[in-house]
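1. Have a look; sequence and predicted model below, questions after that.
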Amino acid sequence: MPSIWSGLDTGFPKIDGNDSTEAKLMAVQDYLYMLVEELGHTLRNLDMARNMNKASLARFTEPIYGRIADNAGNITELSIKADGIAARVSNAEGDLTELSIKADGIISRVSSAEGNITALSIKADGIISRVSSAEGAISVVSQKADRIDWVGASGTDASNFTMTARMASLVSSSIDFTGFVTVHSLSEYGTTTIDGSRITSGVITGATLKSVAPNTQVWIREGGVEIYDGWGWLAGGLRYDTNGGGFTESPTRVFLYTTPGNALKIETYGANLSIEAKGGMVYAMGGWSFWGANVVGLPEPSGD
């Protein structure tokens, strides 16, 4: 068997037309055995320092640059260095895609001739994606291990949404929900449901409820109910306070009142009306008058 490549040249099978097919195959088979043995020997003993010259060896440690272009204006560029890989692909219309790969992360950027840009940054501590348009609109999503942030902006308007393990915060000039909303309590039993214009809940604390009609407004505040006319002036209400006193009132009181110029009317329809003061007196100051089908006479006020 040969031990050098020259032996493969001298041992190349000699075949002529007088040989049988079987003899030809045997000759080729013997040569293949020699070729496999010599090739295995060469590869096992290959050494880059002894079998390659310095110029060829240096080409494996220098940066690699490549560029391919065609007549249509398409260009692809590739750069391989010790600190990373960079690729760039563009076309004649002005569209461009760029990719950078380094030890600390990956950055990609895609842009169009119209000015629209999408960028993505991937690093060990998180991912950031950014999409912008030529008109100035922009959306950014930032994801890290402990939080996610969404930002959408256009001109002077912006919306922000932040979510962590214990908190979710949404800030926007207008928030539109579509669907049936159920809010569950984490500290006490109970839920609040919102379905269109209907809200079902339990106890609402520290809130001011305002109902607006064409000619009146009703406000429910802490301590009472206030009724306003169409111009926003207080007309009356129902209130609890501790400002009572004197001969006819106790210090604590619940009373129905009107402001000057507004009458107070209590009306029943097809039923009796009774005013009772159990354990006390009914006082009427300023005089009274009654009319109807069954008026029961009362003594005139004493004026005390």
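-> Alright, I've got the coordinates.
2. For the stretch 151-300 of the chain, which segments count as strands?
-> Assigned by DSSP state E, counting those that start in this stretch, the stretch 151-300 of the chain shows strands spanning 157-164, 168-171, 181-184, 191-195, 198-200, 209-212, 216-221, 224-229, 234-241, 253-258.
3. Which parts of the chain belong to which domain?
-> Following automatic domain parsing, the chain resolves into domains at 5-56, 61-184, 206-304.
4. can you list the weak-confidence ranges in the stretch 201-304 of the chain?
-> 207, 287-288, 290-304 (pLDDT under 70).
5. what's the helix or strand for the residue most central in space within the chain?
-> Taking Cα atoms, centre = their mean as the criterion, Trp150 is the residue nearest the geometric centre of the chain, at 4.7 Å. Element membership for Trp150, per DSSP states H and E: strand 147-154.
6. ok so, going back, of all the domains of the chain, which one is nearest Ile194?
-> domain 61-184 (4.2 Å; Cβ to Cβ). C-betas here are computed from N, CA, C, even on glycine.
7. For the stretch 1-150 of the chain, just list every one of the helices.
-> With DSSP state H, counting those that start in this stretch as the criterion, the stretch 1-150 of the chain has helices at 5-10, 21-44, 48-51, 54-58.
8. Can you check the pLDDT for Phe180?
-> Per-residue confidence for Phe180 comes out at a pLDDT of 90.
9. Test my guess that it contacts Asp195.
-> Yes: look at Phe180 against Asp195 with Cβ atoms under 8 Å: they come within range, at 5.3 Å.
10. Met167 versus the closest residue to Thr164 other than its chain neighbours, what's the distance?
-> Once flanking residues are discounted, Thr164 sits nearest to Arg147: 4.7 Å by Cβ to Cβ, 6 or more residues apart in numbering. Distance of Arg147 to Met167, given as Cβ to Cβ, to the nearest Å: 9 Å.
11. swap in Asp195?
-> Here Asp195 is placed at a distance of 26 Å from Met167 (Cβ to Cβ).
12. The two - which one has more neighbours?
-> Applying other Cβ atoms under 10 Å to Asp195 and Met167 shows that Asp195 carries more neighbours, namely 11 against 8.
13. residues touching Glu77, list them.
-> The neighbours of Glu77, taking Cβ atoms under 8 Å, 6 or more residues apart in numbering as the test, are 65-68, 87-89.
14. So how do I select the buried members of those residues in PyMOL?
-> This is the PyMOL syntax for the buried subset of these, where burial follows 16 or more other Cβ atoms under 10 Å:
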select buried, resi 87+88+89
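15. a markdown table for the contacts of Glu77, including distance to Leu186 and pLDDT?
-> A markdown table is the format used below for the contacts of Glu77 (distance: Cβ to Cβ, whole Å; pLDDT from 0 to 100):
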| residue | distance to Leu186 | pLDDT |
| --- | --- | --- |
| Tyr65 | 60 | 88 |
| Gly66 | 59 | 90 |
| Arg67 | 61 | 93 |
| Ile68 | 60 | 92 |
| Ala87 | 50 | 94 |
| Arg88 | 52 | 95 |
| Val89 | 51 | 95 |
